[in-house]
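Participant: structure of the sequence below:
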Amino acid sequence: MTNKRTVITYGTFDLFHVGHLRLLKRARELGDYLIVGVSTDQFNAIKGKKTIIPYDQRAEIVQSIRYVDQVIPEQSWEQKVEDIQKFNIDLLVMGEDWKGKFDDLKAYCEVVYLPRTQGVSSSRLKNSLKGLLDISPVKLREAIEVLQQILNDLE
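Facilitator: Numbers count the residues shown, from 1 in each chain. You can find the predicted model right below:
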């Protein structure tokens, strides 16, 4: 019998996008069993982050991904050592934007930082949505009129 290689990663996974999916896929490819710590709303508040999608729904979305074997709540920075020990983790995987921030965990398991998917991030999506709110009603009306003209031309 071979030993399973257990991998863990953490994230907020708000506004789930292809970058999240690719990170989870690559993390799973590095082992046999993938555990994902999804940051709770309370922990995100401590980190200064406000999510659009509540924790329960984000956890459900992540759990439904075929690469994910188990989802756990991430409630604090300190819990990573406890999780590594509790779940006999062989490998911690994080996005390269965290490079060096979790090197202290190399005392407990292997740590790998994976490249981000270029051109997509939850922050970028949130900023785009926020930008829509900043459009004046006049500009919005003009944009709608242009779209209506395009649709009329297609008919």
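Participant: and the chain, what are its domains?
Facilitator: Split into domains by automatic domain parsing, the chain comes to 6-118, 121-155.
Participant: point out the most buried one among these.
Facilitator: Stretch with highest mean neighbour count among these: domain 6-118 (a mean of 17; mean count of other CB atoms under 10 Å). The way it works is simple: take the backbone N, C-alpha and C, and place the C-beta from them, glycine included.
Participant: which stretch in the domains of the chain has the least confidence?
Facilitator: For the domains of the chain, mean pLDDT drops lowest on domain 121-155, to a mean of 68.
Participant: and the longest helix out of those in the chain, how far from the chain's centre?
Facilitator: Assignment by DSSP state H gives helix 137-154 as the longest helix of the chain. Its chain's C-alpha centre lies 35 Å from the corresponding centre of helix 137-154 when counted by CA atoms, centre = their mean, to the nearest Å.
Participant: distance check, the nearest residue to Val81 once chain neighbours are set aside against Met94.
Facilitator: Of all residues beyond its chain neighbours, the one nearest Val81 is Tyr108 (6.2 Å), with distances taken as CB to CB, 6 or more residues apart in numbering. Note on Tyr108: its distance to Met94, by CB to CB, to the nearest Å, is 14 Å.
Participant: returning to what we had before: dihedrals phi and psi, the residue nearest to Val81?
Facilitator: Main-chain torsions, Tyr108, degrees, to the nearest 10: phi -110, psi -30.
Participant: before we move on, what about Ile72?
Facilitator: Dihedral angles (degrees, to the nearest 10) for Ile72: phi -130, psi 150.
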